[in-house]
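Engineer: Model the structure of this input:
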Amino acid sequence: MALLTAPLLRVHATQQQRHRAGLDILKPPSDVDYLQEFLAIQNNGPRNIGFFGTRNMGFMHQQLIEVLSYAMILTGNHIFTSGATGTNAAVIRGALRAEKPDLLTVVLPQSLSKQPQESQDLLSQVQNVVSMPQNDHLSLMEASRLCNQDIIGRVKQIICFAFHDSSLLLETCQDARQQSRIVTLFFLD
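Structural biologist: Below is the predicted model of the structure:
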């Protein structure tokens with residue numbers, strides 16, 4: 001798993017990868033982006049952080065995400081995520097383990113009843129769940145896009161776990177950067 005923060009994205013991405021993803025999120029960051037990241041590192045205060053990621057990941061990656069989520073909650077950060085399996089489930093498990101339910105908010109792309117039973121079981125333990133039943137008529141992809149936008153609007157920083165061909169996740173990172181959010185992107189391939 002390669003950690004790529006905004007300043008490093010230009011080093012690790014090839015022109016072909018940018019073209020294949022159809023996005024330009026891997027362009028060199030501006031001086032403002034460098035300054036924003038530097039200030040974020042210096043600011044040790046709690047933040048609102050959005051976690052995004054793929055549903056398809058191995059057990060070891062899920063364990064790492066759980067530990068990261070747990071640590072973020074213990075240091076007073078408020079985590080916002082969605083309710084899917086994979087990354088989101090790992091984030092939720094880690095946050096619940098920290099026993100600070102007020103610091104976790106799960107935003108669902110559709111109603112709770114549209115979520116898989118496995119997700120519903122986990123979500124029953126979450127204090128702050130926001131559902132979007134107005135999106136039930138949309139495809140999961142479109143509802144997820146709207147959900148991701150909602151989460152970006154609630155946070156100052158996002159952490160994303162994706163593959164190089166995860167178009168929706170890469171689009172989410174691009175949108176977050178355009179809205180001046182700090183983006184940390186972990187590639188799993």
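Engineer: per-residue confidence averaged over stretch 153-160?
Structural biologist: Averaged over stretch 153-160, pLDDT sits at 95.
Engineer: now the strands: where do they sit in this protein?
Structural biologist: 2-5, 48-53, 78-81, 104-107, 128-130, 157-162, 182-187 (DSSP state E).
Engineer: Quickly, which of these bottoms out on average pLDDT?
Structural biologist: Taking the mean pLDDT of the strands of the chain, strand 2-5 comes last: a mean of 44.
Engineer: before we move on, back to that, just name the most buried of the strands of the chain.
Structural biologist: strand 48-53 (a mean of 25; mean count of other CB atoms under 10 Å). In this view, the C-beta of every residue, glycine as well, is placed from N, C-alpha and C.
Engineer: so what secondary structure elements neighbour it?
Structural biologist: Applying 3 or more CB pairs under 8 Å, 6 or more residues apart in numbering; DSSP states H and E, we find strand 48-53 packed against helix 59-74, strand 78-81, helix 87-97, helix 140-154, strand 157-162, helix 167-178.
Engineer: How far does the fourth one sit from its chain's centre?
Structural biologist: Distance, stretch centre to chain centre, for helix 140-154: 11 Å (CA atoms, centre = their mean, to the nearest Å).
Engineer: buried sites along that helix?
Structural biologist: 143, 144, 145, 146, 147, 148, 150, 151, 152 (16 or more other CB atoms under 10 Å).
Engineer: Return the list of helices and strands in contact with it.
Structural biologist: strand 48-53, strand 78-81, strand 104-107, helix 167-178.
Engineer: strand partners of the third one, parallel vs antiparallel please.
Structural biologist: Just to be clear, that refers to strand 104-107. strand 78-81 (parallel), strand 128-130 (parallel) (DSSP bridges).
Engineer: can I have the first one written out in PDB, keeping just the CAs?
Structural biologist: Okay, so that is strand 78-81. Extracted in PDB, the C-alpha atoms of strand 78-81 (Å, rounded to 0.1, in the frame of the first residue of the first chain):
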ATOM      1  CA  HIS A  78     -14.700  13.500  14.300                       C
ATOM      2  CA  ILE A  79     -14.900  10.900  11.600                       C
ATOM      3  CA  PHE A  80     -17.500  11.000   8.800                       C
ATOM      4  CA  THR A  81     -17.900   7.900   6.500                       C
END
